[in-house]
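S.K.: Provided below for reference: sequence and predicted model.
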Amino acid sequence: MAPCEPRAWAMRMEELAEQVWMFVGEAYESVATAFIDGDDALLVDTLASTEDALRLRQALCEQRGKSVRAIVATHYMSDHLAGLPLFPQALSIAQRHYRHTFLYQNRREDAYYREPRLVFDQAMTLRWGAHELRLLHNPGKTLDHVSVDVPGADLVCAGDNIVGRIVYLSRADPMALRAAILRLRELGRGRVIGGHMGCFPAAVLEQALHYLDRLRETVVRIRATSVPTQADERITAIPIEACLAPQVQPLAFEREWHGRNLEAIVAQSVFALDAAIAAREAGA
């Protein structure tokens, strides 16, 4: 299943499996996934803007007659929490480090914040309709990241541990992010729902790893062969095509977030430690 190209936006909805619906909003192409049990729905994430969340509520509750009874947060960043205020009676579920993530994000929207009513540490499992949902703590992009493994539907909700066929590095430890993707790969699911853009074939995990590794190698090489001011200029000019896996053509959203990666690498000295280690080993 390939991601859809950007187009004129309404709410994009797609049925992924029996009683599993995916919604993609306009703001940041943020994703929410609904699991259905009769007239009850469990949401994994709730989109990035109030407008998108209202469209989700209309499509799921008003048009299809479902009641949102539970909400699982893959991570507590505002661009996935906009629907929390719209479903005040729903049981909200998050990993124990949710507050750390909310406080240290780049663009915090306090109006979306609600304390989760159920908090867990490493893992929990619940049955919802036809599917068993396995909530697994998988820190990578954030300390509180949760993967939602759904074996019966052959899919896993990855949150922001991938962004399309790339990753987003800001405020993340790249090696923790890499480890999180490897843990997702070990689950062996055929489809991966990202926190943005939509649902992808399992190959997206290898593609994201390829991007991360090539970007790291390129930045380390630049830092090793340039003075700092020249290094920053060369880093901000790295084309996304130099980092993508073979046969992958960048979509507009991926190109935009690659640019944000380059800005973050310069501003936050991402991969500077890797470059220092590489220089030390070369001189040993």
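M.R.: Okay, I see it.
S.K.: which residues touch Ala278?
M.R.: Shown in contact with Ala278 (CB atoms under 8 Å, 6 or more residues apart in numbering): Val220, Ala224. Where C-beta positions appear, they are placed from N, C-alpha and C, glycine not excepted.
S.K.: would you mark the buried spots in stretch 110-128?
M.R.: Tyr112, Tyr113, Arg114, Pro116, Val119, Met124, Trp128 (16 or more other CB atoms under 10 Å).
S.K.: ok, those residues vs Arg64, which is closest?
M.R.: Trp128 (16.1 Å; CB to CB).
S.K.: any idea which helix or strand comes after the helix or strand encompassing Ala70?
M.R.: Using DSSP states H and E, Ala70 maps to strand 67-72. Going down the chain from strand 67-72, the next helix or strand is strand 91-95, by DSSP H and E.
S.K.: burial count for Arg96?
M.R.: Neighbourhood size, Arg96 [other CB atoms under 10 Å]: 14.
S.K.: now the strands: where do they sit in the chain?
M.R.: Using DSSP state E, the strands of the chain run over residues 12-17, 20-24, 31-37, 40-44, 67-72, 91-95, 118-120, 123-128, 131-137, 146-150, 155-159, 191-194, 199-201.
S.K.: these two touch, right, Val146 and His75?
M.R.: Yes - the criterion here is CB atoms under 8 Å, and Val146 meets it with His75 at 6.8 Å.
S.K.: for the stretch 1-150 of the chain, what are the low-confidence residue spans?
M.R.: Applying pLDDT under 70 to the stretch 1-150 of the chain picks out residues 1-9.
S.K.: pretty sure Asp37 contacts Trp128?
M.R.: Yes - under the criterion of CB under 8 Å, Asp37 makes contact with Trp128 at 5.1 Å.
S.K.: one step back: highest mean neighbour count out of the strands of the chain?
M.R.: strand 155-159 (a mean of 28; mean count of other CB atoms under 10 Å).
S.K.: mind giving me the domain split of the chain?
M.R.: When the chain is parsed with automatic domain parsing, its domains come out as 12-202, 210-283.
S.K.: most tightly packed of the ones you listed?
M.R.: Highest mean neighbour count of these: domain 12-202, a mean of 20 (counted as mean count of other CB under 10 Å).
S.K.: to the chain's geometric centre, what's the distance from that one?
M.R.: How far domain 12-202 lies from its chain's middle: 8 Å, per CA atoms, centre = their mean, to the nearest Å.
S.K.: quick one on the thing from earlier: looking at the strands of the chain, spot the one closest to Asn106.
M.R.: That would be strand 155-159 among those, by CB to CB, at 16.1 Å.
S.K.: now the closest one: mean pLDDT?
M.R.: Strand 155-159 shows a mean pLDDT of 98 in the predicted model.
S.K.: what angle sits between the helix ranked longest in the chain and strand 155-159?
M.R.: The helix spanning the most residues in the chain, taking DSSP state H as the definition, is helix 203-225. Angle between the axes of helix 203-225 and strand 155-159 is 30 degrees (criterion: axes from the mean of the first three to the mean of the last three CA atoms, to 10 degrees).
S.K.: now do helix 203-225, average pLDDT.
M.R.: Across helix 203-225, the average pLDDT comes to 97.
S.K.: which other helices and strands does it contact?
M.R.: Contacts defined by 3 or more CB pairs under 8 Å, 6 or more residues apart in numbering; DSSP states H and E place helix 203-225 against helix 174-187, strand 191-194, helix 228-236, helix 272-283.
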